[in-house]
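# Just the structure for this:
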Amino acid sequence: MGRAFEFRKNRKMKRWSAMAKAFTRIGKDIVMAVKEGGPNPESNSRLRAVIQNAKAVNMPKDNVERAIKKATDKDTANYKEVLFEGYAPHGIAILIETATDNNNRTVANIRSYFNKCNGTMGTQGSVEFMFDHTCNFRIPAEGIDIEEMELEFIDFGAEEIFADEDGILIYAPFESFGAIQKELENRGIEILSSGFERIPQVTKKLTADQVADVEKLLEKIEEDDDVQNVYHTMEEEE
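Numbers count the residues shown, from 1 in each chain. Below you'll find the predicted structure:
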């Protein structure tokens, strides 16, 4: 199995298990999608994807509709997606995706977490190159032949396809998202959820004490409301 499989297996139960955080993230994704392409999921593929993700985490339909309605209000601030980079203790690279309506606040907060936990905030481009920016889709496993699908979807950018207990996952480079989404929809294959991830090209094994140092910083960052995702190069315990 490839790197996406290992990454997914180890990350699965680790982070973002709190539903409240998941709802907050999806709420922001809805606002950004509506501001970009309008409130109609039929004509807005980004919004369509976010609604599928909301369903996957059991976000109530009322919440989704409320978020779409709120996003159409011109007084609702849009969120800007900003990437932060830096190092945790023990040479672990960290990449942070944020969605913020106040960049100054977010910069100050992220910098303070690094400072408090003996990390260093990096400049743009300092660690981003250490991660592969990927997209992924989860589809039901019923009636799907994985080997056949791999052959057919290679033309649309798919690099790794594998099954887990919740269905089948398709991984591809970030820029293949639109092509794969369109092809799955054309074939009438249900998309259960989809998204983007940054997979570390190389990970570093740490001692238990060192892991605790890094976890302290990761927890602080992840608790921040502006933070959507956090990626790092620390080897995850299985």
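# Residue 133 against residue 198, yeah?
Yes: judged on C-beta atoms under 8 Å, residue 133 makes contact with residue 198 at a distance of 5.5 Å. To be clear about C-beta, it is placed using only N, CA and C from the backbone, and glycine gets the same treatment.
# which of those two has more neighbours?
residue 198 (21 against 14; other C-beta atoms under 10 Å).
# List the contacts of the residue nearest to the more buried one when sequence neighbours are not counted.
Excluding its sequence neighbours, the residue lying closest to residue 198 (C-beta to C-beta, 6 or more residues apart in numbering) is residue 131, at 3.8 Å. Each residue near residue 131 by C-beta atoms under 8 Å, 6 or more residues apart in numbering is listed here: 93, 95, 198, 199, 200, 201, 231.
# Also residue 51?
30, 41, 64.
# most neighbours, which of these?
Busiest of those [other C-beta under 10 Å] is residue 30, holding 27 neighbours.
# Spatially, what comes nearest to it if we skip its sequence neighbours?
Residue 30 sits nearest to residue 67 (C-beta to C-beta, 6+ apart), 4.2 Å away.
# Surely that neighbour is in a strand?
No: using DSSP: H, G, I helix; E, B strand; the rest coil, the secondary structure at residue 67 is helix, not a strand.
# Surely it touches residue 33?
No: Residue 67 lies out of contact with residue 33 (C-beta under 8 Å); the separation is 9.8 Å.
# pLDDT below threshold where in this protein?
1, 9-20, 238 (pLDDT under 70).
# State which helix of it is the longest.
Of all the segments of type helix in the chain, defined by DSSP state H, the longest one is helix 19-37.
# quick one: that one to chain centroid distance?
How far helix 19-37 lies from its chain's middle: 12 Å, per C-alpha atoms, centre = their mean, to the nearest Å.
# what helices or strands is that helix leaning on?
Taking 3 or more C-beta pairs under 8 Å, 6 or more residues apart in numbering; DSSP states H and E as contact, the helices and strands that helix 19-37 lies on are helix 45-56, helix 61-72, strand 92-100.
# so which of the ones you listed gets nearest residue 223?
Comparison of the helices and strands packed on helix 19-37 against residue 223 by C-beta to C-beta identifies strand 92-100 as nearest, at 12.3 Å.
# Is the closest residue to residue 144 other than its chain neighbours bridged to anything, and to what?
The shortest distance from residue 144 to any non-neighbouring residue, by C-beta to C-beta, 6+ apart, is to residue 168 (5.7 Å). Under DSSP bridges, the beta-bridge partners of residue 168 are residue 139, residue 163.
# Surely residue 168 and residue 146 touch.
Yes: because the distance of 6.6 Å satisfies C-beta under 8 Å, residue 168 is recorded as touching residue 146.
# Name the nearest residue to residue 110, sequence neighbours excluded.
residue 84 (5.0 Å).
# so what's that neighbour up against?
95, 96, 98, 106, 107, 110, 121.
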